[in-house]
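S.K.: Pasted the sequence and its predicted model underneath.
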Amino acid sequence: MNPFTLKSQVTLRSEQPPHALLARAREHLEPLEGRWPLVFKLSPGGIVLQVLRAPQSPQPLWGRIDAQNWELAQLRRSQDLSPFQPLLHAELHADGEGSRLVGTLAPHPRIHSWSAVYAVVGILLLATAALQAPEPLYRGALAFMGLAFVFFPQLRAWHGFSSGRQELLLSLERHLGLREVVSKTQG
C-alpha cells in the first residue's frame, strides 16, 4: 500500500476449499441488507461527520458474500464506523486444494474527506502568517494552524484506513483462516 493512498489491492489465501471457506464465512457474518449505510452525525465537538452505520451484532464481520463475490467490513463495538474503514470487494477462486480471494480494500465509495476545503483554509492561514501577522508568536500560531488544516484531514483519513486495513486482515485470518499473500512489488 502506498503512503496516503486510500485503496490497496489484496490477495488472501486459505487452505480450505471455496465451499468450506464460504460456509465458515457465513458463520461469522452479519448480513448487509442493501447498500453500505453512510449517515451524517453530529460529533461531541459539534462537527458534522459522515459515518458508516453498522448493525449491533456479535459477529466479527459484516457484508454480503456468495460463491464468487465478497463485500466485507469488520464490525467493531461501536455502531458508528469510520467512513475510512476499508471495505473488502473481492472475488473467490479455487486455488489448488484451497481458496484465494482477490480484490481491493477501499473506503466507502461515497465518502468525501473535505481535504480540499481544509487545504484552502490552511493556505489562507499560512499566507496570513507570512504576510500580515505582526508578532512572531502570532505568525507561529497561524502557521501551525495552517499546516494542521492542510495535513491533518488527510493524515486522519490515511491513519483510519491503514489501521482499519490491518485490523480487517487480522480478523479475516483469525476467523476465516485467510492470510494475505504479499507479492514482491507490494510495500
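M.R.: Okay, I see it.

S.K.: State the next helix or strand along the chain beyond the helix or strand of the chain with the lowest mean pLDDT.
M.R.: Taking mean pLDDT, DSSP states H and E as the measure, the helix or strand of the chain with the lowest value is strand 80-81, at a mean of 66. Note on strand 80-81: by DSSP states H and E, the next helix or strand toward the C-terminus is strand 87-95.

S.K.: What residues sit buried inside that following strand?
M.R.: 87, 88, 89, 90, 92, 95 (16 or more other C-beta atoms under 10 Å). Using the backbone N, CA and C atoms, a C-beta is placed for each residue, glycine as well.

S.K.: For beta bridges, what are the partners of residue 98?
M.R.: Beta-bridge partners for residue 98, by DSSP bridges, are residue 95.

S.K.: one step back: distance to residue 150 added to the buried residues of strand 87-95, as JSON lines?
M.R.: As requested, the buried residues of strand 87-95 are exported to JSON lines (distance: C-beta to C-beta, whole Å):
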{"residue": "87", "distance to residue 150": "27"}
{"residue": "88", "distance to residue 150": "31"}
{"residue": "89", "distance to residue 150": "31"}
{"residue": "90", "distance to residue 150": "34"}
{"residue": "92", "distance to residue 150": "41"}
{"residue": "95", "distance to residue 150": "44"}
